[in-house]
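Q: show me the folded form of this:
(one chain, ligands or ions: 1)
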Amino acid sequence: MKHSVQPRSTILRENQEAMLSPNPSSARQKWLTPPPYRKNKPSKENAPPSDLNSSPAVTGMKIMKSPLPPRHPNSNPLKRKLSVESGCSEIGAVAAGSSDSGVKVIVRMRPPTKDEEEGEIVAQKVSNDSLSISGHSFTYDSIADVQSTQLDIFQLVGAPLVENCLAGFNSSVFAYGQTGSGKTYTIWGPANALLDENLASDQQGLTPRIFQRLFERIEEEQVKHSDKQLAYQCRCSFLEIYNEQITDLLDPSQRNLQLREDVRTGVYVENLTEECVSTMKDVTKLLMKGLSNRRTGATSINAESSRSHSVFTCVVESHCKSMADGLSRLKTSRINLVDLAGSERQKLTGAAGERLKEAGNINRSLSQLGNLGLGNITIALIHLGILFSFWKFLLSWNLINILAEVSQTGKHRHIPYRDSKLTFLLQESLGGNAKLAMICAISPAQSCKSETLSTLRFAQRAKAIKNKAVVNEEMQDDVNILREVIRQLKANT
Ligand SMILES: Nc1ncnc2c1ncn2[C@@H]1O[C@H](COP(=O)(O)OP(=O)(O)OP(=O)(O)O)[C@@H](O)[C@H]1O
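A: Presented below is the predicted three-dimensional model:
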């Protein structure tokens, strides 16, 4: 189901106006439509009129392209922090206390391949949060060793993400690591584990597990808060960034989509397809469609290597009305699940031709995620074709390094988000209004040692970043502010 729709800013304005409308029924029509967990029919025409007294539901509001992420409340007068006393704020608040702002870093070691088993195994888990590799020790939030299961990863990363999401926090998971280290396996799981008959499979990846839990928890929250007319809507999109071009994985004819920035609401992808989901079936359908449209190719390390970054995004909105104070509240949170293309050294992976060009682009965006800011010098090196792998190593620190430095010293610095599509699109997740978990995937084998060390150092720098996640909540009592904002927006258009 694809929806061709107007820009998010227009919708927001309409919704805000509707919520503020002196005629409450117009606001209701914008917000509540189908019965619980019915697949959404999102067009305006299809939306049956309903009212706030209808049963709790995952709602089928209007669908839109290009949703914009909620911004930090300092830059947006419409947002306020969670107040535990407020009428609806305890909804999904199990994890709301987790106001920790550090990036959670998990290192996952995949089992050695047959070839690797014949060589030396150099990486070893030492404790729950540390590992050693050839005498070097590293400490992170958690180490998942070769025995770790998909369920373990869900419990470490997925379960807290769902609670944070219901509490109104933006939440992102990035999988980073060398080609063939297990990023795709971790984030999506094997494709056959998405089939209906395998839904209970041990192999199921983090994303389907997250949505399974999310829908269960939504149902629980609606039962628990049945007096608050609690309604949810989940809208998903799926894109890939390949050679610095954005393709819509739910409609691959849409290539080279553009990133836009809205002053008030942030970065969005123009014309990206969004679909409403309310069941696991909806989600698996989107995942299977999107994953089958990704670019893959063989490297010497991974026969089915993802050659692009894939980003699955779900915007979860909840609307409730408190009986205690009669106020309506809207919480929005954005989940980003990101499978980064493999970091790789061309010599090791035997890259040539198209693969080499891809690798250059992959490395450029990953580099941007964490390089040293060597900008021009390094670009000159690239143009000369000199020491591709050395370049990658040097450049693999910029954004992460700058963010880590800003977090540690409190100094102001220009953060070069715009230097790659990946960092521009995901800037909220990197040092902004989001909780971020980074899963760094490694192989324990001697043959991967230098890539593994590079990944582990990247992970150390990532750990130092401080994000500023806040609950994204709008309240109806902000009516005067909203009216003023609408007036200003209208005046500016
Ligand atoms: N924890 C694990 N347990 C069992 N098999 C795994 C595990 N991690 C990875 N694998 C297997 O290793 C192979 C490579 O994994 P995967 O495709 O996830 O790597 P990747 O990091 O996504 O690589 P690329 O960046 O090249 O896409 C796959 O066959 C996958 O099934």
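Q: only C-alpha atoms for contact and neighbour calcs from this point on.
A: Noted.
Q: show me what from the stretch 101-250 of the chain comes close to the ligand.
A: Applying Cα under 6 Å from any ligand atom, we find that the stretch 101-250 of the chain lies next to the ligand at 110-111, 178-185.
Q: so which one among those has the lowest pLDDT?
A: Least confident entry in these, by pLDDT: residue 179, with 88.
Q: from residue 289, how far out is it?
A: Shown here: residue 179 relative to residue 289, a distance of 23 Å by Cα to Cα, to the nearest Å.
Q: report the contact partners of residue 174.
A: 337-340, 436-439 (Cα atoms under 8 Å, 6 or more residues apart in numbering).
Q: which of those are close to the ligand?
A: Within the contacts of residue 174, nothing lies near the ligand by Cα under 6 Å from any ligand atom.
Q: most neighbours out of these, which is it?
A: residue 436 (31 neighbours; other Cα atoms under 10 Å).
Q: what helix or strand does it sit in?
A: Per DSSP states H and E, residue 436 falls inside strand 435-442.
Q: and the strands in the stretch 101-250 of the chain?
A: Using DSSP state E, counting those that start in this stretch, the strands of the stretch 101-250 of the chain run over 104-109, 123-127, 130-133, 136-139, 142-144, 171-177, 231-242, 245-248.
Q: just tell me which of those strands ends up closest to residue 483.
A: strand 231-242 (24.1 Å; Cα to Cα).
Q: and the closest one, what's buried?
A: In terms of neighbour count (16 or more other Cα atoms under 10 Å), strand 231-242 has its buried residues at 231-242.
Q: determine which two of those are furthest apart.
A: Longest span within these, Cα to Cα: 231 and 242, 36.5 Å.
Q: still on that earlier bit, which of the contacts of residue 174 sits closest to residue 317?
A: Nearest to residue 317 among the contacts of residue 174 is residue 337, at 17.3 Å by Cα to Cα.
Q: need the contact list for that closest one.
A: 172-174, 187, 207, 311-313.
Q: which single one of those is nearest to the ligand?
A: residue 187 (8.1 Å; Cα to the nearest ligand atom).
Q: next one: phi and psi at residue 286?
A: phi -70, psi -40 (degrees, to the nearest 10).
Q: skipping its backbone neighbours, what lies nearest it in space?
A: residue 250 (7.1 Å; Cα to Cα, 6 or more residues apart in numbering).
Q: next, count neighbours for the one you found.
A: Residue 250, neighbours per other Cα under 10 Å, totals 25.
Q: residue 424 versus that one, what's the distance?
A: For residue 250, the distance to residue 424 equals 21 Å [Cα to Cα].
Q: same deal with residue 161?
A: 22 Å.
Q: neighbour count: those two, which is higher?
A: Neighbour tally, residue 161 and residue 424, criterion other Cα under 10 Å: the higher count belongs to residue 161, 25 against 19.
Q: these two touch, right, the more buried one and residue 168?
A: No: in this structure residue 161 lies outside contact range of residue 168 using Cα atoms under 8 Å: 10.6 Å.
Q: in the protein, what spans have low per-residue confidence?
A: Where the chain drops to pLDDT under 70, the residues are 1-100, 297-306, 344-398, 407-408, 413, 415-416, 476-481.
Q: mind running it again at 50?
A: By pLDDT under 50, the weakly predicted segments of the chain are 1-86, 94-98, 345-352, 371-397.
Q: count of neighbours near residue 295?
A: Counted with other Cα under 10 Å, residues neighbouring residue 295 total 17.
Q: where does it fall, phi/psi-wise?
A: phi -80, psi 130.
Q: and it, how far is that from residue 424?
A: 21 Å.
Q: list the buried residues in stretch 443-457.
A: Those would be 443-449, 451-456, for stretch 443-457 by 16+ other Cα under 10 Å.
Q: now, these that are in strands?
A: Among the buried residues of stretch 443-457, no residue falls in strands (DSSP state E).
Q: from those, which two are the most distant?
A: 447 and 456 (15.5 Å).
Q: residue 205 contacts residue 189, doesn't it?
A: Yes: Residue 205 lies in contact with residue 189 (Cα under 8 Å); the separation is 3.7 Å.
Q: what ranges do the strands span in the stretch 251-400 of the chain?
A: 259-262, 266-269, 275-277, 296-297, 305-306, 309-321, 328-339.
Q: among those, show me which one is buried the most.
A: strand 275-277 (a mean of 27; mean count of other Cα atoms under 10 Å).
Q: which residues touch residue 210?
A: 154, 158-159, 161-162.
Q: report the two of these separated the most.
A: Longest span within these, Cα to Cα: 154 and 162, 10.2 Å.
Q: might you report the residue contacts of the nearest residue to residue 214 once chain neighbours are set aside?
A: Excluding its sequence neighbours, the residue lying closest to residue 214 (Cα to Cα, 6+ apart) is residue 162, at 5.8 Å. By Cα under 8 Å, 6+ apart, the residues touching residue 162 are 210, 213-214.
Q: next: residue 172.
A: 334-338, 429, 434-437.
Q: now do residue 462
A: With contact set as Cα under 8 Å, 6+ apart, residue 462 has these partners: 103, 105, 400-401, 404, 438.
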